[in-house]
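**Student:** task: produce atomic coordinates for the following.
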Amino acid sequence: MKLLYAFLILLCACQPNNKPQSSYQSSPPDVQVLRFDVNEELAGSAYRKRATGYLMVTEGDSSLFFPAFTEAKDDGRISLILGLHPSISYADQMKQLHFLLPYVAKDYNFDSLSGVFVGRLIQTGDLAIEVTNEYLNHFGGYGSTATTAYDTIASFLSSSKLGRDFDKLLDPYGLQVSGTSVEKVFYTEMPGSIKIDSTLHNEIPDKILDAMVWVKLNEKK
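**Tutor:** As a prediction, the model looks like this:
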């Protein structure tokens, strides 16, 4: 897991400086999908076969959302590092990811897609608010964040809006959420730097559930 934290930090810290490997001209024609080899830019390259970042360019403007897919060298497992950007709403970034996935599927075998590294839950902004409110309703308040509670929290997250969103996103590829794993769970205030939908401003709880989150996937039954 520590290696994955390094992946996300590096991925969010910079937009790609290297030239794209190639690009896909999409429909509508004013949108391009660029592919970047990011294997050497991410920690742990010795353990990976490859890593590719994907970027939407709309009418010449590059998105700040830069997800990356990696393939492990030993077992061929595919992982998605979400790479959320705080200045773009969670909903908009999920829409971009939905748009990118058909192009990613040309490069990676989604049968081997085993997980999504979300990063810190609070970085999802709108989603973190909705998930926290679900949590408060489900458990009747703020519960323990001790490591002994991690399994309970992870089980809740897999059936929360977080799990439902990824179920919907990946359903066309025959995948479903099988669970989540969490580390460094705590409650915190929502930073002002993270873009929040205006409709949710009155629904922000005093404290937001936060954790490093990994979504586990398997084939849909």
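**Student:** how many neighbours does Leu34 have?
**Tutor:** 20 (other CB atoms under 10 Å). Using the backbone N, CA and C atoms, a C-beta is placed for each residue, glycine as well.
**Student:** tell me where this protein has strands.
**Tutor:** 22-25, 31-37, 48-58, 61-62, 68-72, 78-81, 113-120, 175-188, 208-219 (DSSP state E).
**Student:** can you list the ones you listed in a markdown table and add distance to Thr147 and mean pLDDT?
**Tutor:** Shown next, in a markdown table, are these (distance: least, CB to CB, whole Å; pLDDT from 0 to 100):
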| stretch | distance to Thr147 | mean pLDDT |
| --- | --- | --- |
| strand 22-25 | 43 | 56 |
| strand 31-37 | 37 | 93 |
| strand 48-58 | 29 | 94 |
| strand 61-62 | 40 | 92 |
| strand 68-72 | 27 | 97 |
| strand 78-81 | 24 | 96 |
| strand 113-120 | 17 | 96 |
| strand 175-188 | 8 | 97 |
| strand 208-219 | 11 | 97 |
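**Student:** need those strands in a markdown table with distance to Leu136, can you?
**Tutor:** A markdown table is the format used below for these (distance: least, CB to CB, whole Å):
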| stretch | distance to Leu136 |
| --- | --- |
| strand 22-25 | 42 |
| strand 31-37 | 39 |
| strand 48-58 | 35 |
| strand 61-62 | 38 |
| strand 68-72 | 33 |
| strand 78-81 | 29 |
| strand 113-120 | 19 |
| strand 175-188 | 11 |
| strand 208-219 | 9 |
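**Student:** so which of the ones you listed is nearest Asn133?
**Tutor:** strand 208-219 (9.5 Å; CB to CB).
**Student:** partner strands of that closest one, parallel or antiparallel?
**Tutor:** strand 113-120 (antiparallel), strand 175-188 (antiparallel) (DSSP bridges).
**Student:** may I see those arranged in TSV, with mean neighbour count and distance to Thr132 as well?
**Tutor:** As requested, these are exported to TSV (neighbours: other CB atoms under 10 Å; distance: least, CB to CB, whole Å):
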stretch	mean neighbour count	distance to Thr132
strand 113-120	22	13
strand 175-188	18	8
